[in-house]
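# Fold the following and give me the result.
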Amino acid sequence: MSSFGENKSDMKIPDEEFHTRVKNVQNKMKEENIDLVILAGDEHYQGHVRYVSDYRPMLEFAMVLVGRDDNPLLLCGPECKTLAYQTSRIKDIRVCSDVAIPGEEYPNEQMFTLKEILGELENGTKIEKVGVVNLNVIPEFMIGAIREVCRGREIFNASRILDELRGVKSKNEIRIMKRAYEMGQTGLRSGLKALKIGKGETEILAEMSYPIYKMGAEQMSHCFYAASGKGSSPALYFSRSSKRVDDGDIVILDIGAVYYGYFSDIATSRIVGKKSREKQRVLDTVRKALDTATRKVRPGAVGKEIDLAAREITSAAGYEKNHLYGAVHGVGLQHCEYPFFGPTSEERVEEGMFFNIDIGLFNFDFGGVRLENGYRVTSSGCEVFAVEHE
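Residues are numbered from 1 along each chain as shown. Predicted coordinates:
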């Protein structure tokens, strides 16, 4: 066993759970009189496709076609065909020209069009109402292909169906996600140990990422970073190889891991060296806002209660304009996913949800602050995944 903990290789979700997920989609389809659901995605929006197939789209796009009663079809591009056959829990796989890289040629690959595949599905089944998952984020050429082959049929955005199914995590999902957060916590603590004046941002990244991969992560969950000084001012940032930590800098460390497809996301901030009163006040305000919001997490709570609890603290401190986004975003098969709880969210917290509370104050002349924890909603409150915030 390594000093970072063992790579637990027995956490793979069983095939039966994937079959149940497809059945749950089909049950929703029958309730809402939907004839066909098309789940579309790519490597950035992979969650819905991976939820029912365990296939992770890379470079190319992907679709899963789910009929009311039939077995689902996975459509992949030619470059990912072998990967799909190796990893997909859906065994009926078609190489489809409409999800291949636009403009690329594959002279030795037999591909089917979406129109041909849909015609096969329609053999003996009338398709009138089509729900498309991720309709608002898939590229125009794919939307065009879907609209062309579904001409004359009702087409609507069916993301809500998958969001609701994915929003509450199963025991297997929670087990994997807890491990992913353990990886993130370990990486973040390693980064904190590396924090010192003169240290390069990318050097800190190296210290953060090593233990995560050592523990068995598939990849980093997002463009993680160490942001120092004025580089911590924007809400999103790319670390720079030329930037080193200066005396008195605020440094944000933000990282996460992907394990069996499931993401974690965790962040903290520190003042390195000399501490000014103004910087410490911002950091203290964010910590107080996060602690206050955490106390609101329980089954049945209205989502906006969590956000407003934090927002009242930051606004009272005079930082209303620096508080840019809603406090809560879900985590699972994507870095940010349903649920999203902001100041007007009326949806309720449910037991089994897994989300982050992310409190950030940004756009100061000297930088910004982010503190972010992971939360598993339990029957009585929540389990928190975090590092010790200063």
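# Strands along the stretch 1-150 of the chain, start to end?
Applying DSSP state E, counting those that start in this stretch to the stretch 1-150 of the chain gives strands spanning 36-41, 62-67, 73-76, 93-95, 129-133.
# how about those strands, which one is nearest residue 304?
Ranking the strands of the stretch 1-150 of the chain by proximity to residue 304 (CB to CB) places strand 129-133 first, at 25.9 Å. Where you see a C-beta, it was placed from the backbone N, CA and C, and this is true even at glycine.
# The closest one pairs with which strands, parallel or anti?
Partners of strand 129-133 in the sheet, by DSSP bridges, are strand 36-41 (parallel), strand 154-157 (parallel).
# With just CA atoms, put the last one into PDB.
Think strand 154-157. Provided in PDB are the C-alpha atoms of strand 154-157 (Å, rounded to 0.1, in the frame of the first residue of the first chain):
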ATOM      1  CA  GLU A 154     -42.300  16.600 -31.800                       C
ATOM      2  CA  ILE A 155     -38.800  17.300 -30.400                       C
ATOM      3  CA  PHE A 156     -38.100  18.700 -27.000                       C
ATOM      4  CA  ASN A 157     -35.400  19.000 -24.400                       C
END
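# what's the following helix or strand after that strand?
helix 159-167 (DSSP states H and E).
# just checking, what packs against that following helix?
Using 3 or more CB pairs under 8 Å, 6 or more residues apart in numbering; DSSP states H and E as the contact test, the elements touching helix 159-167 are helix 15-31, helix 47-53, strand 129-133, strand 337-341.
# As JSON lines, the strands of the stretch 1-150 of the chain with mean neighbour count and mean pLDDT would be great.
Shown next, in JSON lines, are the strands of the stretch 1-150 of the chain (neighbours: other CB atoms under 10 Å; pLDDT from 0 to 100):
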{"stretch": "strand 36-41", "mean neighbour count": "26", "mean pLDDT": "94"}
{"stretch": "strand 62-67", "mean neighbour count": "24", "mean pLDDT": "96"}
{"stretch": "strand 73-76", "mean neighbour count": "25", "mean pLDDT": "98"}
{"stretch": "strand 93-95", "mean neighbour count": "18", "mean pLDDT": "97"}
{"stretch": "strand 129-133", "mean neighbour count": "23", "mean pLDDT": "94"}
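# Looking at these, spot the one closest to residue 239.
strand 36-41 (27.6 Å).
# hang on, the earlier thing: turn the strands of the stretch 1-150 of the chain into JSON lines, columns for distance to residue 231.
Output for the strands of the stretch 1-150 of the chain, formatted as JSON lines (distance: least, CB to CB, whole Å):
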{"stretch": "strand 36-41", "distance to residue 231": "32"}
{"stretch": "strand 62-67", "distance to residue 231": "35"}
{"stretch": "strand 73-76", "distance to residue 231": "39"}
{"stretch": "strand 93-95", "distance to residue 231": "44"}
{"stretch": "strand 129-133", "distance to residue 231": "37"}
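# nearest to residue 197, of the ones you listed?
Evaluated over the strands of the stretch 1-150 of the chain, closeness to residue 197 peaks at strand 36-41, with 43.4 Å, by CB to CB.
# Provide the contact partners of that closest one at residue level.
With CB atoms under 8 Å, 6 or more residues apart in numbering as the test, strand 36-41 has contacts from 25, 29, 47-52, 57, 61-67, 118, 121, 127, 129-135, 138, 142, 146, 158, 161-162.
# run the last query once more with 7 Å
Applying CB atoms under 7 Å, 6 or more residues apart in numbering, the contact partners of strand 36-41 are 25, 29, 48-49, 52, 57, 61-67, 127, 130-134, 138, 142, 146, 158, 162.
# How about stretch 364-376?
Applying CB under 7 Å, 6+ apart, the contact partners of stretch 364-376 are 174, 181, 229-230, 232-233, 250, 252, 254, 264-269, 279, 282-283, 286-287, 290, 297, 322, 331, 354-362, 382-386, 389.
# Do a quick rundown of the helices in the stretch 201-350 of the chain.
201-214, 277-294, 303-316 (DSSP state H, counting those that start in this stretch).
# Just give me the lowest mean pLDDT stretch among the ones you listed.
Comparing mean pLDDT over these, the weakest stretch is helix 201-214, at a mean of 94.
# Let's see which of the contacts of stretch 364-376 end up in strands.
Counting by DSSP state E, the contacts of stretch 364-376 place 250, 252, 254, 266-269, 354-362, 382-385 in strands.
# Can you select the buried ones from those residues in ChimeraX?
Only the buried entries of the ones in strands among the contacts of stretch 364-376 go into this ChimeraX selection, using 16 or more other CB atoms under 10 Å:
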select :250,252,254,266,267,268,269,354,355,356,357,358,359,360,361,362,382,385
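# one step back: tell me which of the strands of the stretch 1-150 of the chain sits nearest to residue 198.
Minimum separation from residue 198 across the strands of the stretch 1-150 of the chain (CB to CB) falls at strand 36-41, 42.7 Å.
# So what's the gap between the closest one and the chain middle?
Here the centre of strand 36-41 is set off from its chain's centre by 18 Å, with CA atoms, centre = their mean, to the nearest Å.
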